[in-house]
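J.: missing the sequence, but the structure's below:
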């Protein structure tokens, strides 16, 4: 899932639609998508609606639609989390070259992001960089980064252990990374 995204121009109506969609998405994904779309139409700069819609589409395994939403989001902001999610969604849609390109963009973006964030956030980004290296089949580098930064980034041992255990199984890695 993507990390939280914010915008400076939040409209009250977009927030209401987004909250309504969140409250009903567990029971009725079609209605939730309708309200996420209304929130996006109301305020296209309220990025949380894109994130929530993409997360719901991933949850219901509509990866092609989720990719379209994440692509819209990537046009509004640049983030390593977005590139990583685009890579995962391209992998799930059987486009490994686009997935690889996005994983590499995410690594470059992390290198830029860690220069301007606090230590805790930096450790999380470097841990994320390890997961990207696993997705790129650079297992040694990926495992080293995950082991080095998981404690500092407050990552559960069980999650770290799962990533290490399945470090050579890309499909399993993806499913570990997209679950909440």
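T.: Good, I have the coordinates. What you see is a predicted model; the values in this text were computed from it and never measured.

J.: quick one, helices of this protein?
T.: Ranges of helices in the chain, per DSSP state H, are 12-24, 29-42, 47-59, 63-76, 80-92, 96-113, 119-135, 139-149, 157-165, 170-178.

J.: how about JSON lines for those helices, with mean pLDDT and mean neighbour count added?
T.: Just so you know, the C-beta spots here come from the backbone N, C-alpha and C atoms, and that holds for glycine as well. Converted to JSON lines, the helices of the chain look like this (pLDDT from 0 to 100; neighbours: other C-beta atoms under 10 Å):
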{"stretch": "helix 12-24", "mean pLDDT": "73", "mean neighbour count": "17"}
{"stretch": "helix 29-42", "mean pLDDT": "90", "mean neighbour count": "18"}
{"stretch": "helix 47-59", "mean pLDDT": "92", "mean neighbour count": "24"}
{"stretch": "helix 63-76", "mean pLDDT": "95", "mean neighbour count": "18"}
{"stretch": "helix 80-92", "mean pLDDT": "96", "mean neighbour count": "24"}
{"stretch": "helix 96-113", "mean pLDDT": "96", "mean neighbour count": "18"}
{"stretch": "helix 119-135", "mean pLDDT": "95", "mean neighbour count": "20"}
{"stretch": "helix 139-149", "mean pLDDT": "96", "mean neighbour count": "17"}
{"stretch": "helix 157-165", "mean pLDDT": "94", "mean neighbour count": "15"}
{"stretch": "helix 170-178", "mean pLDDT": "93", "mean neighbour count": "16"}
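
J.: I'd like the distance between the residue nearest to residue 37 when sequence neighbours are not counted and residue 15.
T.: Leaving aside its sequence neighbours, residue 37 sits nearest to residue 53 (C-beta to C-beta, 6 or more residues apart in numbering; 7.4 Å). Noted for residue 53: a distance of 14 Å to residue 15, by C-beta to C-beta, to the nearest Å.
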